[in-house]
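# Any chance you could fold what I've pasted below:
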Amino acid sequence: MASSIALLNQFCGMGALGIYGTSVFGAVVGKSEESILTVFVYLYAVQVIVSFISSRYLEEYGRRAFMATGQKIIIVCLFLIGILDIFAPNLHVILLILIFTHMIGFSICYGPCTFLIGT
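Numbers count the residues shown, from 1 in each chain. I've put the predicted structure just below:
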């Protein structure tokens, strides 16, 4: 169980965000390194905050509920990102909002649950 969750953790798109995030965020906020790094700082600050909050309530509401909720958020966000990229590639602000929402979904389920279930 723990190894399958760790495997799904790798396939949820977070690695691609680290690699291609500069080009995606560069289209939204401009090509300056400072503005792109600012978006990354906000993105990872949201991840840390949501991970702490979800870790606090994980045992109270159950791991299964958190995993299901986070995976639903991730699936919807990745689907909408794919649709936007195909049919409306110029809606960069909505794409940025979906990336932040994807990060929230990741932080709800794979963030704390991967380590708790693995141990």
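
# what helices or strands is the longest helix along the chain leaning on?
Ordering each helix of the chain by length in residues (DSSP state H) puts helix 33-61 first. The helices and strands touching helix 33-61, judged by 3 or more CB pairs under 8 Å, 6 or more residues apart in numbering; DSSP states H and E, are helix 14-29, helix 63-87, helix 92-108, helix 110-118. Just so you know, the C-beta spots here come from the backbone N, C-alpha and C atoms, and that holds for glycine as well.

# redo that, cut-off 6 Å
Under the contact criterion of 3 or more CB pairs under 6 Å, 6 or more residues apart in numbering; DSSP states H and E, helix 33-61 touches helix 14-29, helix 92-108, helix 110-118.

# what pLDDT, on average, does that helix get?
Taken as a whole, helix 33-61 has a mean pLDDT of 85.

# how close does the residue nearest in space to the middle of the chain sit to Asn90?
The residue lying closest to the centre of the chain (CA atoms, centre = their mean) is Met103, at 2.1 Å. Met103 is 22 Å from Asn90, where distance means CB to CB, to the nearest Å.

# Same check on Glu59?
Relative to Asn90, and taking CB to CB, Glu59 is found at 44 Å.

# low pLDDT regions in the protein?
By pLDDT under 70, the low-scoring segments of the chain are 1-16, 111-119.

# Alpha carbons of stretch 100-114, in CSV - could you do that?
Output of stretch 100-114 as CSV, limited to C-alpha atoms (Å, rounded to 0.1, in the frame of the first residue of the first chain):
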residue,chain,number,x,y,z
PHE,A,100,-2.3,26.6,-7.1
THR,A,101,-5.5,24.5,-6.6
HIS,A,102,-3.5,21.4,-7.7
MET,A,103,-0.9,22.2,-5.1
ILE,A,104,-3.6,22.4,-2.5
GLY,A,105,-5.0,19.0,-3.5
PHE,A,106,-1.5,17.5,-3.4
SER,A,107,-0.8,19.0,0.0
ILE,A,108,-4.1,17.5,1.3
CYS,A,109,-3.5,14.0,0.2
TYR,A,110,0.0,13.1,-0.9
GLY,A,111,1.8,15.7,1.2
PRO,A,112,1.2,14.2,4.7
CYS,A,113,-0.4,10.9,3.8
THR,A,114,2.6,9.5,1.9
